[in-house]
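1. got a predicted structure here, sequence first:
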Amino acid sequence: MQIYMVGGAVRDKLLGRPVNDHDWVVVGATPEQMLALGYLPVGRDFPVFLHPETREEYALARTERKSGRGYRGFVVQSSPDVTLEEDLSRRDLTINAIAASADGTVAEGIFDPYGGTQDLQARVLRHVTDAFREDPVRILRVARFAARFTDFSVAPETMQLMREMVEHGEVDHLVAERVWQELVRGLMEEQPSRMFEVLRACGALQVLLPEVARLWGVPQRADYHPEVDTGVHLMMVLDMAARLQAPLSVRFACLAHDLGKGTTPAHVLPRHIGHEERSARLLKALAERLRVPVDCRETADVVAREHGNIHRSGDLSAAALVRLLERCDAIRKPERFAEILLACECDARGRLGFEEAAYPQRPRLAAVLAAVQAVVTRDIAAQAATQGIGGPQVGALIHQARVEAVARWLHEPAAH
């Protein structure tokens with residue numbers, strides 16, 4: 001029995017990056033031997049075990065053979081006869097097909113049959129073997145690694161292979177849960193735009209996210225969008241979200257906020273009248289298709305509908321500001337409203353020349369919400385009850401009190 005550290009842990013050690021978890025492969029062992037040593041079985045599709053003390057995963061060396069469409073169509077074989085080189089050959093990229101000695105050191109004992117260390121030095125994402133084409137999820141993984149390793153490029157032969165996979169319909173068979181899982185990881189990387197650039201370059205974006213793919217080449221008003229192209233703007237917004245360390249719900253909202261611009265009639269361009277409602281409709285379909293979690297889709301829906309109004313909120317009256325808060329459900333969900341404002345800041349600063357600009361709407365609307373929250377609705381309801389007032393009339397009184405509170409705040413010197 002021989003144990004090796006493999007995959008991302010070795011790669012990140014060689015790059016000098018933090019290692020969060022380890023992957024181990026065991027060569028020359030049987031499941032019975034692992035159980036006898038106290039390892040706990042967890043693998044359903046192939047033998048994987050938890051170390052009895054560290055609880056890290058140890059997988060028996062295995063090979064895979066394509067048996068059908070999509071990423072689930074595989075026959076896995078695991079036996080003591082499978083070599084380390086055979087196990088590494090089934091991995092996606094050369095930089096992930098490096099093994100190191102079991103003590104975790106990488107200065108010595110490197111096993112690198114596919115040139116992964118050279119590709120690390122050259123900053124190249126390259127597939128290991130032609131078996132790459134058997135798993136379409138690997139296209140998403142390459143795109144995600146491009147978003148993480150921002151100075152790496154995709155090898156031309158790997159990009160060509162991914163294009164062929166898209167043309168042959170492999171991407172069509174990806175299940176929604178796996179697409180969303182990889183999309184989430186890419187959105188949360190250092191430079192999310194690179195994920196979408198890679199997917200677009202190989203044609204996968206058009207298949208997986210056609211609503212996003214159609215934004216490139218769509219012009220918009222240069223007086224507000226110096227970058228002109230909607231797709232370019234979207235990428236800048238996503239990278240601004242990463243720069244501001246936004247949570248997933250904000251980053252997804254940024255991705256979906258301008259989808260409606262891709263369906264603007266040609267005779268209206270470069271203006272995008274009514275794109276907010278169109279964005280919300282397209283977002284709903286996209287979210288249902290990918291089974292996006294409720295919190296992400298609800299935040300994105302508000303951002304899609306209201307980002308223009310939030311941008312223009314400095315010109316709104318007290319009554320209009322309260323109506324805006326009510327449409328955003330800000331009074332009931334202030335934490336989500338804070339995320340909505342952050343997404344709008346990413347949108348405003350995701351433009352050429354505005355990357356370092358202030359976004360006063362965010363603190364201003366937070367202050368407006370604080371003024372509204374200071375209204376004691378319980379006292380209003382109690383006073384109304386003494387006067388025999390109930391039902392919708394109480395709600396109208398509360399709404400009016402909130403408008404008056406915002407009006408008073410607007411007249412304070414600090415509000416301007």
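-> It's in. Treat the numbers as computed from the prediction; the structure is a model and nothing was measured.

2. tell me the phi and psi of Tyr224?
-> phi -110, psi -30 (degrees, to the nearest 10).

3. from Ala143, how far off is it?
-> In this view, Tyr224 and Ala143 are 30 Å apart by C-beta to C-beta, to the nearest Å. C-beta here means a position set from N, CA and C on the backbone, and glycine is covered the same way.

4. out of the two, which sits in the busier spot?
-> Ala143 (29 against 12; other C-beta atoms under 10 Å).

5. tell me who's in contact with the more buried one.
-> Counting by C-beta atoms under 8 Å, 6 or more residues apart in numbering, Ala143 touches Glu182, Gly186, Arg194, Met195, Phe196, Val198, Leu199, Ala204.

6. go with 10 Å
-> Applying C-beta atoms under 10 Å, 6 or more residues apart in numbering to Ala143 gives the contacts 125, 154, 162, 182-183, 185-186, 189, 192, 194-202, 204-205.

7. which strand or helix spans it?
-> helix 137-148 (DSSP states H and E).

8. next SSE downstream of that helix?
-> strand 153-154.

9. surely Arg332 is in a helix?
-> No: per DSSP: H, G, I helix; E, B strand; the rest coil, Arg332 lies outside any helix segment and is coil.

10. check what pLDDT it gets.
-> Arg332 is assigned 95 on the pLDDT scale.

11. right, and it touches Thr377 too?
-> No: using C-beta atoms under 10 Å as the test, Arg332 is too far from Thr377 to be in contact (11.7 Å).

12. between these two, which one's more packed in?
-> Thr377 (15 against 10).

13. can you list phi and psi of the more buried one for me?
-> According to degrees, to the nearest 10, Thr377 has phi -70, psi -30.

14. quick one, what contacts it?
-> Counting by C-beta under 10 Å, 6+ apart, Thr377 has contacts Ile331, Val394, Gly395, Leu397, Ile398, Ala401, Arg402.

15. repeat the analysis, applying 6 Å as the threshold.
-> Counting by C-beta atoms under 6 Å, 6 or more residues apart in numbering, Thr377 makes contact with Ile398.

16. check it and give its pLDDT.
-> So Thr377 comes in at 85 (pLDDT).

17. then the one 4 residues further on?
-> Model confidence at Ala381, given as pLDDT, is 83.

18. please apply the same query to Pro136.
-> We have a pLDDT of 95 for Pro136.

19. now it: how far from Val171?
-> On the measure of C-beta to C-beta, Pro136 and Val171 end up 5 Å apart.

20. again with Glu64
-> Distance of Glu64 to Val171, computed by C-beta to C-beta: 19 Å.

21. compare those two (neighbour count), which wins?
-> Between Glu64 and Val171, Val171 has the larger neighbour count (other C-beta under 10 Å), namely 24 against 17.

22. wait, the more buried one touches Val137, no?
-> No: look at Val171 against Val137 with C-beta atoms under 6 Å: they stay out of range, at 9.5 Å.

23. show the buried residues in the contacts of Ala143.
-> Using 16 or more other C-beta atoms under 10 Å as the burial test, those include 125, 154, 162, 182-183, 185-186, 189, 192, 194-200, 202, 204-205 as buried.

24. strands - which of those land there?
-> Counting by DSSP state E, these place Leu125, Val154 in strands.

25. low-scoring pLDDT stretches of the protein, where are they?
-> By pLDDT under 70, the low-scoring segments of the chain are 45, 65-76, 103-108, 414-416.

26. got the domain boundaries for it?
-> Here the domain parsing of the chain from automatic domain parsing is 1-115, 247-369, 374-416.

27. now for those domains, which one comes closest to Glu177?
-> Of all the domains of the chain, it is domain 247-369 that lies closest to Glu177, at 6.3 Å by C-beta to C-beta.
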